[in-house]
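Engineer: please find the sequence and the predicted model below.
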Amino acid sequence: QVQLVESGGGLVQAGGSLRLSCTASGRTYSGYAMGWFRQAPGMEREFVAAINWSGSSTYYSNFVKGRFTISHDNDKDKVFLQMNSLTPEDTAVYYCARHTSALAMRAQGYSTYWGQGTQVTVSS
């Protein structure tokens with residue numbers, strides 16, 4: 001099994017920045033992609049960003065492109081989401097995800113493993 005633990009959420013004013021982190025532990029076999037999804041109140045969970053194992057490919061949803069940046073550490077067990085120019089519409093619970101394919105996370109909205117989520121609240 002794989003455990004994913006997120007950190008870095010909180011309350012920020014519109015226009016501000018936050019950096020989310022996620023650490024994977026357990027049976028963290030190589031080759032897996034990592035990513036982020038979010039779920040706002042009353043809404044379905046949606047894809048935010050993903051990065052493949054090597055880091056050579058990253059994928060973003062249209063609504064965060066140019067504002068958010070996904071990266072991971074050299075060990076590939078930590079993934080980060082740098083969020084800039086935040087708006088109230090970014091308010092949601094953000095979930096870390098780990099799956100065999102970053103492209104599949106974007107295309108199918110699916111992940112093998114999920115974290116518990118971290119709350120991000122952007123005030124106007």
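Structural biologist: Looks like it arrived, so ask away. No experiment lies behind these values; they were computed from the predicted model shown.
Engineer: contacts, neighbours, all on C-alpha from now
Structural biologist: Will do.
Engineer: centre of the chain to the helix or strand bottoming out on mean pLDDT in the chain, how far?
Structural biologist: The weakest-scoring helix or strand in the chain, judged by mean pLDDT, DSSP states H and E, is helix 102-108 (a mean of 92). With Cα atoms, centre = their mean, to the nearest Å as the basis, helix 102-108 stands 13 Å off its chain's centre.
Engineer: by contact count, what packs against that helix?
Structural biologist: When contacts are defined as 3 or more Cα pairs under 8 Å, 6 or more residues apart in numbering; DSSP states H and E, helix 102-108 sits against strand 33-39, strand 46-51, strand 58-60.
Engineer: so the most centrally placed residue in the chain versus residue 123, what's the distance?
Structural biologist: Centroid-nearest residue in the chain, with Cα atoms, centre = their mean: residue 36, separated by 2.0 Å. As judged by Cα to Cα, to the nearest Å, residue 36 and residue 123 stand 21 Å apart.
Engineer: which one of the helices and strands packed on helix 102-108 lies nearest to residue 90?
Structural biologist: Judged by Cα to Cα, the one of the helices and strands packed on helix 102-108 that comes nearest to residue 90 is strand 33-39, at 8.7 Å.
Engineer: picking that back up, could the helices and strands packed on helix 102-108 go into a markdown table alongside distance to residue 109 and mean pLDDT?
Structural biologist: A markdown table is the format used below for the helices and strands packed on helix 102-108 (distance: least, Cα to Cα, whole Å; pLDDT from 0 to 100):
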| stretch | distance to residue 109 | mean pLDDT |
| --- | --- | --- |
| strand 33-39 | 8 | 97 |
| strand 46-51 | 6 | 97 |
| strand 58-60 | 12 | 96 |
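Engineer: would you list those in JSON lines and tack on distance to residue 15?
Structural biologist: Below are the helices and strands packed on helix 102-108 laid out as JSON lines (distance: least, Cα to Cα, whole Å):
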{"stretch": "strand 33-39", "distance to residue 15": "19"}
{"stretch": "strand 46-51", "distance to residue 15": "18"}
{"stretch": "strand 58-60", "distance to residue 15": "19"}
